[in-house]
Each structure stands twice: as structure tokens, then as C-alpha cells.
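Novice: Sequence first, then the predicted structure, then my questions.
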Amino acid sequence: MATGKGVMQGYTGAAAVDAKHQIIVEAQAHGTGSEQEVLLPMIDAVRGQALLSPQSLITADAGYHSEENLQALAEREIDALIADHDMRKRDERFATQARHRAKPEALHDKSPPAEPPDSHRLFQPSDFQYHPVARTGVCPAGKALYRTGRQLIVGTHIGARFRGAKRDCVPCRLRVHCLRDPQHTLTRQVMFFRGRVPRRRPRPETHTQRMKARIDTPEGRARYAARFGVVEPVFGNLCYNKGLTRFTLRGRAKVDAQWKLFCLVHNIEKLARLRYGP
């Protein structure tokens, strides 16, 4: 499994939780590094127990988001709200989230590596001059670049590629700022983009686009936000109150049994507090 601390041998524990009483209705442990593969087995297991009604709503975080999963849910006619990875960037309520990234991490420092000093900074395309009308380019040293190719298309962008001449690049005093490997690379090349390829006909709307439009509505945000108060306290109870900070067995069958056992203890306590029983 790929984690923030590197690749490790381990398992992921998934749980489906009832929103009303925080009862775990399904629990599975999988030895896969991608949570996307866990979503459909979990939902199919819940459906097998006849726990989903036409009014039921499935909510899941961005780890379970994929176009294939959304298509499968649509084919099963299951109502769901699954966040995409850019959901918070579009939500004005998370506009100040960057300030919290500066705080120290207790277990692992996830801050990006420090940028190299200015003396070793490499020139970016923004450091070059590009004239879109004349279609000419000039490097930071003031030398003219020659264009290679007429019009290049990369994905949906239209661009022009320029390269420096050997007579200018080889003796240039700014080589260390322009080339990653000045000992083996003779000249620098840079590409400028000046627009997008015009679409001849509109593409069909994807399930991901439909989900983004729905989850960005006030109703969608409110219904998805309820997920944090439903399932996260359950994982907090299992990890911190019950002490399941890591699986202590090997093999999926044993790990799955351990995960279900802890979830069963959680449910027993919930039912006891609800005075469930005769």
C-alpha cells in the first residue's frame, strides 16, 4: 500500500455506517492500495442485506471517487454523493485551509520540500520572452531562439516549441540556471502554449461532471457534510478508544476477522447505550 510514509505491507479497513445511530452495517478489510476498488464490494454487501431503500443516500470521500465507480452506481440506480479530489478547492469554506498546512505534523512531516536557493533555480518558461504574433522567442540571456515545427498540439493545447542555438547555449554563462544537466545537454528547449484546440462538437457529459455539479450545490454540500459527523467518529472510536491503531495479524482472512471483531464491539456498545433488546 502506498501511504504518506512510503510503501508498506498492510490492509485498509472500510466500514459502512448508518447515519441515524452510527451502527456499522458492513465492514471489510482489503489488501489493496486503492480505496476505489473497495467501494462496489461494500455497497453490494449492504444491498445483499436489504439495507438500502430508494430513499437511501451513500456518501464517500474522494478516495472512492472514479468515473468507473460512478458509472457502476448509476447502473445500479444507487443515489450517492462521492467527493472528487478538487471539491475543497471549489468550496469557499476551505479558502483558508492552506494556513493549517504550515502547522507541524506529529507523526510525519507532509510539508513540501524546501525550494533550492535562487543561485540554483532553473529558468521556467515564464522567464523566456514569447511574442505570439511574430511567433518568436528570446531566452533570459537575450539570445533569439529558433522555432522547431509549425504548430504543435499537446492534449487540448496549441503550442510552439523553441530551441536555443549551440553557438549561443554552449558558451552561455547562464547554463547552470537553464539546463538540469549542463554537462551532457547542449541546448535548452522550451514550449509556449497560446490556446486550446477548438472543439467541433460537445463531448457527452461524464458521471464525474454530473457528480461535481450536484455536490457543489448548497443541498449537495449540506448532505455531504453530514458524512463527517457520521463515519469519522466511528473510526475515531475504533482507533483511539479501542486501540486498533494497526492490524496485528497477517493474511486477509485473519485481518478481516479482526476488523469485524472490533466493529462488532463498537456495535454492541452502541446498542447497549440505545437500550436495544428485550
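Specialist: Happy to help now that I have it. Worth saying up front: this structure is predicted, and the values here are computed from it rather than measured.

Novice: name the helices or strands packed onto the helix or strand where residue 214 lies?
Specialist: Assessed by DSSP states H and E, residue 214 sits inside helix 207-215. Helices and strands touching helix 207-215, by 3 or more CB pairs under 8 Å, 6 or more residues apart in numbering; DSSP states H and E, are helix 67-75, strand 80-82, helix 87-90, helix 218-230. Bear in mind the C-beta positions are built from the backbone N, C-alpha and C, glycine included.

Novice: how does it look with 6 Å?
Specialist: With contacts taken as 3 or more CB pairs under 6 Å, 6 or more residues apart in numbering; DSSP states H and E, helix 207-215 sits against helix 67-75.

Novice: Run through the neighbouring helices and strands of the helix it packs on.
Specialist: helix 207-215.

Novice: now the helices for this protein?
Specialist: 36-48, 67-75, 87-90, 166-169, 175-178, 207-215, 218-230, 232-236, 252-273 (DSSP state H).

Novice: Make CSV from those and add distance to residue 25, mean pLDDT and mean neighbour count to it.
Specialist: Formatted as CSV, these follow (distance: least, CB to CB, whole Å; pLDDT from 0 to 100; neighbours: other CB atoms under 10 Å):
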stretch, distance to residue 25, mean pLDDT, mean neighbour count
helix 36-48, 6, 92, 16
helix 67-75, 17, 95, 15
helix 87-90, 25, 88, 14
helix 166-169, 65, 92, 15
helix 175-178, 59, 89, 17
helix 207-215, 23, 94, 16
helix 218-230, 12, 93, 13
helix 232-236, 11, 94, 14
helix 252-273, 9, 95, 16
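
Novice: Arrange the ones you listed in TSV, one row each, with distance to residue 184 as further columns.
Specialist: Converted to TSV, the helices of the chain look like this (distance: least, CB to CB, whole Å):
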stretch	distance to residue 184
helix 36-48	40
helix 67-75	41
helix 87-90	39
helix 166-169	13
helix 175-178	12
helix 207-215	42
helix 218-230	51
helix 232-236	50
helix 252-273	48
